[in-house]
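Q: The sequence and its predicted three-dimensional model are supplied below.
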Amino acid sequence: MHSGNETYHAGESEEAEHLKKRVRVLCWVMTNPKNHEKKAKHIKATWARRCNKMVFISSEEDKELGTVALNVGEGRDHLWEKTKAAFVYVYNNHYNDADWFLKADDDTYVIVENLRYMLSPYSGTQPIWFGCRFKTYVEQGYMSGGAGYVLSREALRRFVEEAIPNPKKCRQDHGGAEDVEIGKCMQNIGVQAGDSRDSLGRGRFFPFIPEHHLVPGHIGPNNWYWDWIYYPAKVGLGCCSDTAVSFHYVPPNKMYELEYFLYYLHPYGINHRDSFPPPLPPDTSSIPHQVIENYNTSFSAKNLKGTDVESKQQSEDKINPITRR
């Protein structure tokens, strides 16, 4: 029987634990009383353990789950109201507890270590947010609510202080699609819609379960996804980054399957000796200049420290640093 603290896996997460201290992530999950037992408790038992701080947002108290009960309505018509109230709560109570603030649904599975890796070149002081970027309704795009999205600390501050109270910046009633509405707010307060793809242009945040992206035919040619997705997308094994961050519509049983495959299954004789690919996307024109500077001067060397390709890769980095294009 596997457990989170078994000695067999001791020492395997030292690098991830180091990054956990440097890139602090608060995760909050949108749930409701009907789903406390059916869905939310399974998130608490799986990926939530890897967040620096975990908050479950609901409308009723549940001491076992540890919910925050907000005075808001439930149901799809109240998601925008609930999202605003949740971010206000997080801002008022946990602003200094993290550098990044992730919102997820109670059927979202998140690989938190990969989220930190993606965020590691950036700073929480930069007004930016990331997720599965859609191109409809908002000029700079917005992030899929189901796939989850993450705000920098500065983005959170602007959203709560400048956007929510201002009817010219944010919708004031409880109606509207939560993800579209927050996307409009972010654009209105100068928060950049970040590029969450990896260096090969593969997505990291996904609005469906893994098999829909991995198996051709699950997402039909006329599916809305192809018209909405901001960047070119593929199906099949090339669909998804090696450092994927999230999947949506994941039922509880599949959360445990993902937990096992990601953290416990070891194919015999297979060692990942190569370093991780760069965490930044291929289109560096959208990346803040300071991020590129910091990456070129320090990040790749730290990332490769102690690997058998260190000297070769460091030499290549000196010749081919990341540049704007």
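A: In hand now; what should we look at?
Q: next helix or strand past the helix or strand encompassing residue 68?
A: Take DSSP states H and E as the rule and residue 68 turns out to sit in strand 67-69. Per DSSP H and E, the first helix or strand lying C-terminal to strand 67-69 is helix 79-94.
Q: tell me which strands and helices the next helix or strand after that following helix is in contact with?
A: Next along the chain after helix 79-94, taking DSSP H and E as the criterion, comes strand 100-105. Strand 100-105 sits against strand 25-30, helix 79-94, helix 112-119, strand 149-152, helix 153-158, with contacts defined as 3 or more C-beta pairs under 8 Å, 6 or more residues apart in numbering; DSSP states H and E. Every residue, glycine included, has its C-beta placed from N, CA and C.
Q: Tell me which of the ones you listed sits most buried.
A: strand 149-152 (a mean of 27; mean count of other C-beta atoms under 10 Å).
Q: That one pairs with which strands, parallel or anti?
A: strand 100-105 (antiparallel), strand 128-131 (antiparallel) (DSSP bridges).
Q: any idea of the mean pLDDT in that strand?
A: Average pLDDT, strand 149-152: 99.
Q: What lies in contact with it?
A: When contacts are defined by C-beta atoms under 8 Å, 6 or more residues apart in numbering, strand 149-152 is touched by residues 25, 87, 99-103, 115, 119, 122-132, 143, 159, 179, 182, 191, 205.
Q: What of stretch 59-75?
A: 31-33, 36, 40-41, 44, 54-58, 78, 81-82, 85-86, 89, 174.
Q: Okay, now the unreliable bits of the stretch 1-150 of the chain?
A: For the stretch 1-150 of the chain, applying pLDDT under 70 flags the ranges 1-12.
Q: rewinding a little: which of the contacts of strand 149-152 are buried?
A: Among the contacts of strand 149-152, those classed as buried by neighbour count (16 or more other C-beta atoms under 10 Å) are 25, 87, 99-103, 115, 119, 122-124, 126-132, 143, 159, 179, 182, 191, 205.
Q: Return the residues in contact with residue 89.
A: Applying C-beta under 8 Å, 6+ apart, the residues contacting residue 89 are 55, 57, 68, 70.
Q: Among the residues you listed, which one has the most neighbours?
A: Within these, residue 57 tops the neighbour count with 24 neighbours, counted by other C-beta atoms under 10 Å.
Q: before we move on, the earlier item: nearest to residue 282, out of the strands paired with strand 149-152?
A: Ranking the strands paired with strand 149-152 by proximity to residue 282 (C-beta to C-beta) places strand 128-131 first, at 15.4 Å.
Q: Could I have the CA atoms of the closest one written out in CSV?
A: Output in CSV follows, covering the C-alpha atoms of strand 128-131 (Å, rounded to 0.1, in the frame of the first residue of the first chain):
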residue,chain,number,x,y,z
ILE,A,128,0.6,38.5,-15.0
TRP,A,129,-1.6,35.4,-15.0
PHE,A,130,-1.5,32.0,-16.7
GLY,A,131,-3.8,29.2,-17.7
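Q: got a list of contacts for it?
A: Contacts of strand 128-131 (C-beta under 8 Å, 6+ apart): 118-119, 122, 143-144, 147-152, 154-155, 186, 191-196, 205, 288.
Q: which residues of the stretch 201-325 of the chain fall in strands?
A: With DSSP state E, counting those that start in this stretch as the criterion, the stretch 201-325 of the chain has strands at 246-247.
Q: where does it have low pLDDT?
A: 273-274, 297-325.
Q: returning to that earlier point: got the strands paired with strand 149-152 as TSV, with distance to residue 257 columns?
A: Listed next are the strands paired with strand 149-152 as TSV, based on distance: least, C-beta to C-beta, whole Å:
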stretch	distance to residue 257
strand 100-105	18
strand 128-131	24
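Q: Of those, which is nearest residue 253?
A: Here strand 100-105 is closest among the strands paired with strand 149-152 (C-beta to C-beta), at 16.8 Å.
Q: now the closest one against helix 112-119, angle please.
A: For strand 100-105 against helix 112-119, the angle by axes from the mean of the first three to the mean of the last three C-alpha atoms, to 10 degrees is 130 degrees.
Q: Dump strand 100-105 to CSV, keeping only the CA atoms.
A: Taking C-alpha atoms only, strand 100-105 is exported to CSV below (Å, rounded to 0.1, in the frame of the first residue of the first chain):
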residue,chain,number,x,y,z
TRP,A,100,1.1,32.9,-6.8
PHE,A,101,-2.6,32.1,-6.3
LEU,A,102,-4.1,29.2,-8.2
LYS,A,103,-7.9,28.8,-8.7
ALA,A,104,-9.1,25.3,-9.6
ASP,A,105,-12.5,23.5,-9.8
